[in-house]
Structure formats: C-alpha cells, structure tokens
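# Show me how the following folds:
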Amino acid sequence: MNIHVPDQSKVIMAYGHDDQAMIHCEECGELIQAISKMRRIVHRFGGPFDPYRSDEEVEAYGNLVEEMADVLICLEQIKEMYGIYEKELQDMVDKKYARQEARLAAVCRKDGKSGKSGRSREVQHGNV
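Predicted structure coming up:
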C-alpha cells in the first residue's frame, strides 16, 4: 500500500496528543463497525461484495473506504506523536508476514494443501 497522508503536525499541535489519542481509538472503533457491517451484508447475500446488488452495499462500501482513510490518517499521526520510524514499521510487517507464511506452509503440509482441517485457532483466523 502506497498512500500518501499529508503531514499531520498541525493537527496534533492544534488538538494535542491526548485528544488525538482518544480520536484514534474512536476511529479504530468506527472501522471495526464498518468491517462488521460489510461482513453482514456479504453473508446475507451469500457471496462476494457486489456494488450493483443494492444501495445498502454501495453505502456500506463507501463507509468502509471512509473509515479506512480515517484510520490511515490516525496511523500517520500516531507515528509522528510517538516517534515511530517507517523502517521500524516495515521491519515489523516483514517479521509478521514471514511468520504468517510459515504458519500457512505448515497448514498446507499438514492438511495436504487444503488448509481446512486440524488448524489451530491462531492459524485458522489468520492472526499475525
């Protein structure tokens, strides 16, 4: 993902660290709700997302995109507020990705590449 989020120092200075930290929590909660709603809609219609199926899907999709954008902005603010470097984040992403790949490989070997039976809860749900 290569999305540019403009510098957030003015926002942080205007509202303060503590208030912005609370906003970050709220925005993450709103993203969770948007994901949950999309999941319910997809399950109700029994298939992948289809923006042409209903106005409800179009609205839920738009809300999901909006909440993702809000959280991306919040993540940029968090990086700035706590002095987190891009390299640190990238190193952690790489570490977590490698661990997930190893888990998936183990499941495929164990299950004959089906990946469906005998999975631990951690692997089954894709926990990083």
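# Tell me the pLDDT of the most centrally placed residue in the chain.
Ranked by distance to the mean C-alpha position of the chain (CA atoms, centre = their mean), the top residue is residue 68 at 7.5 Å. We have a pLDDT of 98 for residue 68.
# helix/strand/coil for it?
Assigned by DSSP: H, G, I helix; E, B strand; the rest coil, the conformation of residue 68 is helix.
# Go ahead and confirm it touches residue 28.
No - counting by CB atoms under 8 Å, residue 68 stays clear of residue 28, with 10.9 Å between them. For every residue, glycine as well, the C-beta is placed using N, CA and C.
# Helix, strand or coil: sort out the most far-flung residue of the chain relative to its centre for me.
Within the chain, residue 112 marks the point farthest from the mean C-alpha position, 29.7 Å out by CA atoms, centre = their mean. Under the three-state scheme (three-state DSSP), residue 112 adopts coil.
# Please determine how far residue 93 is located from residue 79.
For residue 93, the distance to residue 79 (CB to CB, to the nearest Å) stands at 13 Å.
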